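**Q** pasting a predicted model and its sequence here:
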Amino acid sequence: MQQPLVTIAYVPREVFSQTRESLQAVLSDTAEPFDLVCVDGASPPELQTWLEGMAMDHEFTLLRSDRYLTPNQARNIALEYVKTPYVAFVDNDVLPSKGWLKALLDCAEETGAWAVGPLYCEHLPLESKIHMAGGLCRFHTDNRGGRWYEEKHHLQHQPLAGNEDKLHRQETELIEFHTVLVSMAAFEQLGPLDECLLNHSEHADFSLSIRKAGGTVYLEPASRITYVPPRRLSDEDRPFFELRWSEAWSRSSMDHFIEKWKLAPRHKSLRVGRWWLRHHRRYGSRVLAKVRKVFGPRFTHYAQQIGFAQVEALWNRRKFPPSRFGRVGTPEVEPVYRPVPSTDQVA
């Protein structure tokens, strides 16, 4: 039996309801040999039972924490079980296209890249709209000597049709963690992922750290995945989603990123990140959903501008006070199922 070069580290992102379709797609649309480590961060009971059955049926490692995990916590937990030369981080709301893993491995082997990202698409139908095709991830200094961060996603939200000729394998400054292949040699140089980044800037921090250490990051558009967020939040998704994008986690992450990379704390460039975090969290608002249904998207946008956004942020800070939720402790993780090595592997 051919020994796998890669371990897929399958981790929760922001919801649980996409997990079944996503994991089944990973298992069915990945032809190359691989190990799989699935990290379950306090999924609902029905999904917990389903994952246990899948782990036994498909012989992969399943790890569980009974509390919600930050993305980098989940990834670092999985890393402890990786024995292959590469790890492929895959979020639980991703649908990969056939050939996705081979293309990433080929790129890494042929270029020596420390990290390789696919063409990231978004929403259904599959491979219809580009989420990002690599991007910029760099620092500048303004006229007053303040250091600020620039991030730009190439071809963001553009239709794939008509842009195919712009897509080719190339070195890039930025990948995202929706799906990314990483050489384990990178972690020998960098150490584990930064768990002080609770919900934001993990992708930027990792890309910057690789390049600072002399490694390279590549885009390989022959590999394609589609990030598929839910159309609406289920009751079981809501508690995790609201904490995942909470004011407490967002502020703590941004403060750490600013301190780590010596950024000017009040630079106007940071407003974009703060706006995105709050805007994305309001995606799950029941109130806004009702307003949008009755009055339409234009009025809803106006309502946010004149005060709803500020009220929602205050409500979130009361529900998740930074004094309590601004830091996360070390989670307790239980190996729920681990496959028994075959005699070929033992030999």
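**A** It's in.
**Q** and the longest strand for the chain?
**A** In the chain, ranked by residue count with DSSP state E as the criterion, the top strand is strand 217-227.
**Q** show me where the stretch 51-200 of the chain has helices.
**A** 71-79, 100-111, 184-190 (DSSP state H, counting those that start in this stretch).
**Q** could I get the ones you listed as CSV with mean pLDDT and mean neighbour count?
**A** C-betas here are computed from N, CA, C, even on glycine. Conversion of those to CSV gives the following (pLDDT from 0 to 100; neighbours: other C-beta atoms under 10 Å):
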stretch, mean pLDDT, mean neighbour count
helix 71-79, 98, 23
helix 100-111, 98, 20
helix 184-190, 98, 15
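**Q** reformat those as a markdown table; add distance to residue 176.
**A** Converted to a markdown table, the helices of the stretch 51-200 of the chain look like this (distance: least, C-beta to C-beta, whole Å):
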| stretch | distance to residue 176 |
| --- | --- |
| helix 71-79 | 11 |
| helix 100-111 | 14 |
| helix 184-190 | 16 |
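**Q** for those helices, which one sits closest to residue 157?
**A** Nearest to residue 157, of all the helices of the stretch 51-200 of the chain, is helix 100-111, at 21.1 Å by C-beta to C-beta.
**Q** got the angle for that closest one vs strand 217-227?
**A** Between helix 100-111 and strand 217-227, the angle comes out at 180 degrees (axes from the mean of the first three to the mean of the last three C-alpha atoms, to 10 degrees).
**Q** wasn't residue 40 part of a helix?
**A** No. Using DSSP: H, G, I helix; E, B strand; the rest coil, the assignment for residue 40 is strand, not a helix.
**Q** picking up where we left off before, what's the mean pLDDT across the helix or strand following the longest strand of the chain?
**A** On the C-terminal side of strand 217-227, the nearest following helix or strand under DSSP states H and E is helix 238-244. Across helix 238-244, pLDDT averages out at 95.
**Q** could you tell me the angle between the helix or strand just after helix 238-244 and helix 71-79?
**A** The C-terminal neighbour of helix 238-244 among helices and strands, as given by DSSP H and E, is helix 247-260. Put simply, helix 247-260 runs at 80 degrees to helix 71-79, going by the same axes, to 10 degrees.
**Q** give the buried residues for the helix or strand following helix 247-260.
**A** Once the chain leaves helix 247-260, the next helix or strand it forms, by DSSP H and E, is helix 270-281. Neighbour-count burial for helix 270-281 flags 270, 273, 277-278, 280-281 (criterion: 16 or more other C-beta atoms under 10 Å).
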